[in-house]
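1. Quick one, structure for this:
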Amino acid sequence: MRIKNSIKNTKYSMLAQITNLLVQFISRTIFIQILGKEYLGLNGLFSNVLTILSLADMGIGTVLTYTMYEPLAEKNTIKLQQLMNTYKKIYHIIAAIIAITGVCLTPILPFLIKDLPDIPNITLIYLLYLINTVISYLYAYKISIINADQKNYITTINQQLFLIISNISMIIVLWFTHNYILYLIAQIIFSFLSNLRLSRIADKMYPFIKNTKGHTLSIQEKKNIGKGAFAMILHKVGGVVINGTDNILISSMIGLNAVGIYSNYLLIINAVKQFLSAYSSSIIASIGNLSATEKAEKTHLVFKRILYSMFIFTSFCTICLFCLINNFITLWLGKSYTFSVVISGVIVSTFYITGMRQTALCFIDATGLFTKNKLKPIIESTLNLVLSIIITLKYGIIGIFLGTILSTVATCIFWEAHVLYKYLFHHNITEYIMLFLKYTIITVISTIIPYWISTFIGADNIYRFAVQAIITGSLALILPVAFTYKQKESQYFMKLIKQKIYKH
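-> I've put the predicted structure just below:
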């Protein structure tokens, strides 16, 4: 059942991401044609500001999902009612905190933008972004129970359906009115409708959550949740500083136009990240179930298999992104919307590191081990901010991304695995270190070959780019597999593929 749910969740997530990606590209193209770079930069800046405000949720979502694995497996409706009642109150408080804090930040907005552009109603635009963020917390507690029950595909289908409808509606509004305010109001309406529908789906699937009044957790249980939340807020701080401040630093130190250019890279890279997240989020609940029912040796075996699958996927995406992203953006929007090959290469490198961390992070979140590395995110985020500012002052925009890479490598990669190997697998971490280094070297070698070939092909038109993409994609899949085909993990997946072929 674990495998069946994971495959189902992954399948629906992947299909939804492909559809969503196409809609987003169309939406972004029309957005740029009508409003231009500065509005695009403003969009990226406010998104980062609100990412920082999301610290108010203290990582409660991860703690909430983790605490529901056991009562869902045991069909303990009383415990689930107690949890849902508690989390409903917490999420409503969080929504209020974000709303109040967000309003209080409005006076500092001009200081976050170097060379303030002539865009009217900047404060109103920011407040509309704030409203859209607050809405997402109103029904979050109900959405969590669906995900914890290994039914992520339900939330995925709903969210992607509304995302497509909202993007189409927003494009229509923008096309006929050229009004950014109306564009954002349409976004808010569909965000609310999406969350409302998921709330009603949860009520039908788990009718007992409609009657949570009077069901409260014990003081000790609340303390345990508080401990988990405290550990997660430290991780949230680290994650927000690493991922949520780039646009703010670029806007304040480089300019809003650079934020607009970077947002195009983010659109593409985040779309690919969504595929990674679709896979990782679809297996977290199954990992939680696995660790609760199987021995450490079995869990470790599954970890190595998932790590290998993540490597194949991440290396494929990294190679394709490095070789194709600049040419794609040039054909799509023009040369003025691209960075140099060196800068884009560093941006893609941050993607690779993020992807390769996912397996360890999934196991940490699913098994509640986030309480064991509380100091890591604080050290990581501090180092990232300091390095990013220092290197940016000397070398420009590339310093922001180099700061992220250096701080992540210095603090995260092996620290996270150390927690898993010490507290869950009870193994020596050397095996993991050697695997990680091996996978990274293979990815680098596998990137050089298609990039060298692509320089001879060129990409000055759609046909040349298509040829380049086919060759790059083929080599990006073949080379990492060829370098690792003798590994046990590779043999395991080859066997599964053969069984699937023979079955049909």
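2. going forward, measure contacts and count neighbours with C-alpha atoms only.
-> OK.
3. Please name every helix or strand in contact with the helix or strand containing residue 352.
-> Here residue 352 is covered by helix 341-367, with elements defined by DSSP states H and E. On a contact count with 3 or more Cα pairs under 8 Å, 6 or more residues apart in numbering; DSSP states H and E, helix 341-367 meets helix 60-74, helix 256-293, helix 296-332, helix 398-411, helix 413-420.
4. And the last one, what does it pack against?
-> By that I understand helix 413-420. helix 341-367.
5. how much does the following helix or strand past the helix it packs on deviate in direction from helix 398-411?
-> Counting by DSSP H and E, the next helix or strand C-terminal to helix 341-367 is helix 375-395. Helix 375-395 and helix 398-411 are oriented at 150 degrees to each other (axes from the mean of the first three to the mean of the last three Cα atoms, to 10 degrees).
6. For helix 375-395, output the C-alpha coordinates as CSV.
-> The C-alpha trace of helix 375-395 is given here as CSV (Å, rounded to 0.1, in the frame of the first residue of the first chain):
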residue,chain,number,x,y,z
LEU,A,375,21.7,24.6,15.4
LYS,A,376,22.4,23.7,11.8
PRO,A,377,20.0,26.2,10.2
ILE,A,378,21.1,29.1,12.3
ILE,A,379,24.7,28.6,11.4
GLU,A,380,23.9,28.0,7.8
SER,A,381,21.6,31.1,7.4
THR,A,382,24.1,33.4,9.2
LEU,A,383,27.0,32.2,7.1
ASN,A,384,24.9,32.5,3.9
LEU,A,385,23.8,36.0,4.6
VAL,A,386,27.3,37.2,5.5
LEU,A,387,29.1,35.5,2.6
SER,A,388,26.4,36.6,0.1
ILE,A,389,26.8,40.3,1.1
ILE,A,390,30.6,40.2,1.2
ILE,A,391,31.0,38.5,-2.2
THR,A,392,28.3,40.6,-3.8
LEU,A,393,29.9,43.8,-2.8
LYS,A,394,33.1,42.7,-4.5
TYR,A,395,31.9,40.6,-7.5
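7. Buried residues of that helix, list them for me.
-> 376-385, 387-389, 391-392 (16 or more other Cα atoms under 10 Å).
8. Residue 343: which of the residues you listed is nearest?
-> residue 392 (12.3 Å; Cα to Cα).
9. Contacts for stretch 471-483 next, please.
-> 312, 315-317, 319-320, 323, 442-443, 446-447, 450-451, 454, 490 (Cα atoms under 8 Å, 6 or more residues apart in numbering).
10. Output that stretch as CSV - backbone C-alpha positions only.
-> C-alpha atoms of stretch 471-483 as CSV (Å, rounded to 0.1, in the frame of the first residue of the first chain):
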residue,chain,number,x,y,z
ILE,A,471,21.1,15.4,-27.7
THR,A,472,21.5,17.0,-24.3
GLY,A,473,18.5,15.1,-22.8
SER,A,474,19.6,11.8,-24.2
LEU,A,475,23.2,12.1,-22.9
ALA,A,476,21.9,13.5,-19.6
LEU,A,477,19.9,10.3,-19.1
ILE,A,478,22.4,7.8,-20.6
LEU,A,479,25.7,9.0,-19.0
PRO,A,480,24.7,8.9,-15.3
VAL,A,481,23.1,5.5,-15.7
ALA,A,482,26.1,4.2,-17.6
PHE,A,483,28.5,5.3,-14.9
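11. Around residue 158, count how many other residues there are.
-> Residue 158 has 16 neighbours, counted by other Cα atoms under 10 Å.
12. Which element is encountered next along the chain beyond the lowest-mean-pLDDT helix or strand in the chain?
-> Ranked by mean pLDDT, DSSP states H and E, the helix or strand of the chain with the weakest confidence is helix 219-243, at a mean of 65. Per DSSP H and E, helix 219-243 leads on to helix 246-253 as the next helix or strand towards the C-terminus.
13. Quick one: work out the angle between that following helix and helix 398-411.
-> With the same axes, to 10 degrees applied, the angle from helix 246-253 to helix 398-411 works out at 140 degrees.
14. ok, residue 346 - contacts?
-> Here residue 346 is in contact with 398, 401-402 (Cα under 8 Å, 6+ apart).
15. ok, those vs residue 199, which is closest?
-> For those, with residue 199 as the reference and Cα to Cα as the criterion, the closest is residue 401, at 38.4 Å.
16. And the closest one, how close does it get to residue 279?
-> Counting by Cα to Cα, to the nearest Å, the gap from residue 401 to residue 279 is 25 Å.
17. Check residue 347 too.
-> 22 Å.
18. Have a look at the two and say which one is more surrounded.
-> It is residue 347, of residue 347 and residue 279, that has more neighbours when counted by other Cα under 10 Å, with 24 against 21.
19. Test my guess that that one contacts residue 401.
-> Yes: the pair residue 347 and residue 401 passes the contact test of Cα atoms under 8 Å, sitting 6.2 Å apart.
20. Assess the claim that residue 433 and residue 415 are in contact.
-> No: judged on Cα under 8 Å, residue 433 makes no contact with residue 415 at a distance of 10.7 Å.
21. Would you check which pair of the buried residues of helix 375-395 lies furthest apart?
-> 376 and 392 (23.7 Å).
22. What separation do you get for residue 470 and residue 320?
-> 10 Å.
23. just how off-centre is stretch 460-480 within its chain?
-> 26 Å (Cα atoms, centre = their mean, to the nearest Å).
24. Name the residues of stretch 72-89 that are buried.
-> 72, 78-88.
25. Same check on stretch 489-502?
-> 489-490.
26. Can you pull out the residues in contact with it?
-> By Cα under 8 Å, 6+ apart, stretch 489-502 touches 304-305, 308, 481, 484-485.
27. Can I get that stretch in CSV? Just the C-alpha atoms.
-> These are the backbone C-alpha positions of stretch 489-502, laid out as CSV (Å, rounded to 0.1, in the frame of the first residue of the first chain):
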residue,chain,number,x,y,z
GLU,A,489,20.6,0.4,-6.5
SER,A,490,20.8,0.6,-10.3
GLN,A,491,20.3,-3.1,-10.6
TYR,A,492,17.2,-2.9,-8.4
PHE,A,493,15.6,-0.3,-10.6
MET,A,494,16.6,-2.1,-13.8
LYS,A,495,14.9,-5.2,-12.4
LEU,A,496,11.7,-3.2,-11.6
ILE,A,497,11.7,-1.8,-15.2
LYS,A,498,12.1,-5.2,-16.8
GLN,A,499,9.3,-6.6,-14.7
LYS,A,500,7.0,-3.7,-15.7
ILE,A,501,7.9,-4.3,-19.4
TYR,A,502,7.3,-8.1,-19.2
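28. mean confidence score for it?
-> What stretch 489-502 shows for mean pLDDT is 75.
29. Kindly report the same for stretch 142-162.
-> pLDDT averaged over stretch 142-162 gives 79.
30. Centre of the chain to it, how far?
-> 16 Å.
31. next one: stretch 131-144
-> The answer for stretch 131-144 is 17 Å, by Cα atoms, centre = their mean.
32. how long is that stretch end to end?
-> Rule used - Cα to Cα; the end-to-end distance of stretch 131-144 is 21 Å.
33. Flag every buried residue along that stretch.
-> So for stretch 131-144, counting by 16+ other Cα under 10 Å, buried means 131-144.
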